[in-house]
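Engineer: no FASTA, just this:
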């Protein structure tokens, strides 16, 4: 499994969680990475994306100002820091990788653009 997520769990509204996505293989150092989520009965939703360098980041409107995506290429790991969590953030969160180094001009918010996916980690926010 090339991408493995961790860090999900149960948290109260207003709390924080940090998700991690560990990639196996040095090639992922040059991949753009992203987080998506899917709640029961809903379509998959774009959360955040980051270029290989980490200099460019993008966020979905519903998480702007609350979530932060980052990466450590030495560890080949991508993080999603989630603050001020809300019950509507409850979902399975998926890590994804695309074989491009820069997301400029690309549809980073579209899931089919990505080449690899993790198995997902559950995040549940109680009210």
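Structural biologist: Perfect, I can see it now. Quick caveat, the model's predicted, so the values are computed rather than measured. Residues are numbered from 1 along each chain as shown.

Engineer: element containing the most centrally placed residue in the chain?
Structural biologist: When CA atoms, centre = their mean is applied to the chain, the residue found nearest the centroid is residue 35 (2.1 Å). Assignment of secondary structure by DSSP states H and E places residue 35 within strand 32-38.

Engineer: If we go by neighbour counts, what in that strand is buried?
Structural biologist: 32-37 (16 or more other CB atoms under 10 Å). Quick note: C-beta positions are derived from backbone N, CA and C, even for glycine.

Engineer: cool, and stretch 87-102?
Structural biologist: So stretch 87-102, judged by 16+ other CB under 10 Å, has buried residues 89-98, 100.

Engineer: same deal with stretch 114-125?
Structural biologist: Buried residues in stretch 114-125 (16+ other CB under 10 Å): 114, 116-118, 120-121, 123, 125.

Engineer: Kindly present these as JSON lines, with separate columns for secondary structure.
Structural biologist: Output for the buried residues of stretch 114-125, formatted as JSON lines (DSSP: H, G, I helix; E, B strand; the rest coil):
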{"residue": "114", "secondary structure": "coil"}
{"residue": "116", "secondary structure": "strand"}
{"residue": "117", "secondary structure": "strand"}
{"residue": "118", "secondary structure": "coil"}
{"residue": "120", "secondary structure": "coil"}
{"residue": "121", "secondary structure": "strand"}
{"residue": "123", "secondary structure": "strand"}
{"residue": "125", "secondary structure": "strand"}
